[in-house]
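what follows is a protein structure lacking sequence information:
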Ligand SMILES: Nc1nc2c(ncn2[C@@H]2O[C@H](COP(=O)(O)OP(=O)(O)O)[C@@H](O)[C@H]2O)c(=O)[nH]1
Ligand SMILES: [Mg+2]
């Protein structure tokens with residue numbers, strides 16, 4: 001069914017996970033698999049011999065998550081490109097439904113979503129709070145009606161890929177995930193969400209660093225709409241205080 005679908009997996013020290021994930025993808029009839037590795041030191045290169053049908057791109061170092069995704073989009077030529085984590089957090093079984101939805105609704109981006117009806121996550125409470133807070137801020141700041149804007153499990157149409165690879169100034173770390181959404185929205189690409197089951201990783205460490213979280217909040221807060229919102233809210237609070245003061249003092 002999926003002969004026009006490629007999977008792109010950005011990877012950094014994910015040998016053990018990739019070893020388990022690739023056979024699962026073979027079961028899904030994906031036409032091509034691209035692993036974009038950023039100088040892993042755990043012997044990921046050994047997988048080349050084990051999976052000769054998989055395309056590996058070994059970059060010289062940590063050139064960044066989003067640039068890895070864009071390199072995968074450039075290398076593939078399929079109508080649809082799936083991006084997923086290497087860490088088995090995203091279920092290969094969900095791919096079929098996501099592709100079907102992309103075709104049926106003519107979406108340029110289908111987001112594998114933890115936060116819509118029937119979406120599931122077993123992420124730790126702290127990460128869920130952080131992630132939902134980030135989503136809320138992003139909604140206010142960019143007015144994008146997506147419930148799980150930080151999800152890394154996505155299907156892009158070829159049209160969306162063609163557009164994204166031209167965006168040379170895209171944010172390159174995790175915040176790039178929402179930068180992509182704001183640019184696709186601005187350019188009228190259709191985005192929908194599909195409920196997925198997210199399972200937290202059991203092998204290896206998350207590459208999400210504190211500085212990336214700070215970066216996310218700066219990106220969202222710096223947006224013009226957010227600034228208007230903050231100034232607007234401050235103005236309303238100021239007016240309420242003045243009215244309360246006048247009421248209490250003079251009336
Ligand atoms: N090539 C590449 N892959 C990365 C980089 N940062 C993270 N990854 C991979 O991107 C995916 C998402 O990262 P992960 O650590 O799972 O983030 P989390 O799910 O938010 O905890 C994983 O497959 C990582 O190995 C990077 O700088 N370059
Ligand atoms: Mg992950």
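Received the coordinates, thanks. All values reported here derive from a predicted model rather than from experimental measurement. Residues are numbered from 1 along each chain as shown. Ligands and ions are numbered 1, 2, ... in the order given.

what pLDDT does the residue of the stretch 1-150 of the chain found nearest ligand 2 get?
Nearest to ligand 2 in the stretch 1-150 of the chain, going by Cβ to the ion, is residue 85, at a distance of 3.7 Å. (Each C-beta comes from the backbone N, C-alpha and C, glycine too.) The per-residue pLDDT reported for residue 85 equals 98.

now it: how far from ligand 1?
Residue 85 sits 4 Å away from ligand 1 when distances are taken as Cβ to the nearest ligand atom, to the nearest Å.

tell me the SS of that residue?
The three-state assignment at residue 85 reads coil, by DSSP: H, G, I helix; E, B strand; the rest coil.

how about residue 194?
From three-state DSSP, the assignment for residue 194 is strand.

quick one: it from ligand 1, how far?
For residue 194, the distance to ligand 1 equals 18 Å [Cβ to the nearest ligand atom].

and for residue 22?
Going from residue 22 to ligand 1 by Cβ to the nearest ligand atom gives 13 Å.

the helix or strand encompassing that residue: what's the following helix or strand?
Per DSSP states H and E, residue 22 falls inside helix 15-27. Downstream of helix 15-27, the next assigned helix or strand under DSSP H and E is strand 32-37.

direction included, what does that next one pair up with?
Strand 32-37 sits in its sheet next to strand 5-11 (parallel), strand 55-58 (parallel), going by DSSP bridges.

and the next helix or strand past it?
Using DSSP H and E, the first helix or strand after strand 32-37 is helix 47-50.

what's the nearest residue to the residue of the stretch 1-150 of the chain closest to ligand 2 if we skip its chain neighbours?
Leaving aside its sequence neighbours, residue 85 sits nearest to residue 152 (Cβ to Cβ, 6 or more residues apart in numbering; 5.4 Å).

quick one: contacts for that neighbour?
Going by Cβ atoms under 8 Å, 6 or more residues apart in numbering, residue 152 touches 83, 84, 85, 90, 177.

so how far is residue 208 from it?
10 Å (Cβ to Cβ, to the nearest Å).

what residues of stretch 34-43 count as buried?
Buried residues in stretch 34-43, counting neighbours by 16 or more other Cβ atoms under 10 Å, are found at 34, 35, 36, 37, 38, 40.

wait, isn't the first one in contact with residue 9?
Going back to what we said before, that points to residue 34. Yes: taking contacts as Cβ atoms under 8 Å, residue 34 lies within contact range of residue 9: 7.0 Å.

anything in contact with each of the two?
Residues touching both residue 34 and residue 9 (Cβ under 8 Å, 6+ apart) are residue 72.

residues of the stretch 1-150 of the chain that sit close to ligand 2?
85, 87, 89 (Cβ under 5 Å from the ion).

count of neighbours near the residue nearest to the second one when sequence neighbours are not counted?
With Cβ to Cβ, 6+ apart as the measure, residue 201 is the residue that lies nearest to residue 87, at 3.9 Å, once sequence neighbours are left out. Residues lying near residue 201 (other Cβ atoms under 10 Å) number 15.

same question, residue 59
There are 15 residues near residue 59, going by other Cβ under 10 Å.
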